[in-house]
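J.: Here you go, sequence then predicted model.
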Amino acid sequence: MDVPGTVGEILDHKRPEVWSVAPDTTVYQAIQLMADKNVGALPVLDGSRLAGIMSERDYTRKVILRGRSSRETPVRDIMTRDLVTALPGDTIVECMRVMTEQKVRNLPVMDGSTMLGIVSIGDLVNWIISAQTVAIDQLERYITGAYPG
């Protein structure tokens, strides 16, 4: 099944807020924000420039397992710097492929050097489920003769 839509369309349907942290924020403060906002990753902005992303995975692998203190470690020390990003026109299928191949769960969506938002694997899955639900509904209506076309 071909899944219609782009990540730009997903962003249009999401809340416009994107929570982020600065590189000098402590890991503890970042984890607290992630818990408060119920998100699994935060973009790290140095001014308006996307410098990295900090995820729960970064926390577990680079703080907990290394015996570091989350109250003393700055986000810059553990954030992922080699970012995988998307463009607003990228398709849902392409982003799913990239996320699977690169083993990432969040994609910052960029327009040049400006971050427009972030999409998670959950956002993409929800979009796909919605598209499949619409397709199934249309097929059922066609089969039962209720389809207007």
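T.: Structure's in. What do you need?
J.: Quick check: which element contains S69?
T.: Using DSSP states H and E, S69 falls within no helix or strand.
J.: For the helix or strand of the chain with the lowest mean pLDDT, buried residues please.
T.: Scoring the helices and strands of the chain by mean pLDDT, DSSP states H and E places helix 121-143 at the bottom, with a mean of 80. The neighbour-count check on helix 121-143 (16 or more other C-beta atoms under 10 Å) flags 121, 123-124, 127-128, 131 as buried. Quick note: C-beta positions are derived from backbone N, CA and C, even for glycine.
J.: which one of these is nearest G40?
T.: I121 (9.3 Å; C-beta to C-beta).
J.: Secondary structure class of A146, three-state.
T.: Counting by DSSP: H, G, I helix; E, B strand; the rest coil, the backbone at A146 sits in coil.
J.: Which residue ranges of the protein form helices?
T.: Using DSSP state H, the helices assigned to the chain run over residues 7-13, 27-37, 56-62, 92-102, 121-143.
J.: So which elements touch the longest one?
T.: The one in question is helix 121-143. helix 7-13, helix 92-102 (3 or more C-beta pairs under 8 Å, 6 or more residues apart in numbering; DSSP states H and E).
J.: Would you reformat the ones you listed as TSV and include mean neighbour count, distance to T114 and mean pLDDT?
T.: What follows is the helices and strands packed on helix 121-143, written out as TSV (neighbours: other C-beta atoms under 10 Å; distance: least, C-beta to C-beta, whole Å; pLDDT from 0 to 100):
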stretch	mean neighbour count	distance to T114	mean pLDDT
helix 7-13	17	12	93
helix 92-102	15	18	94
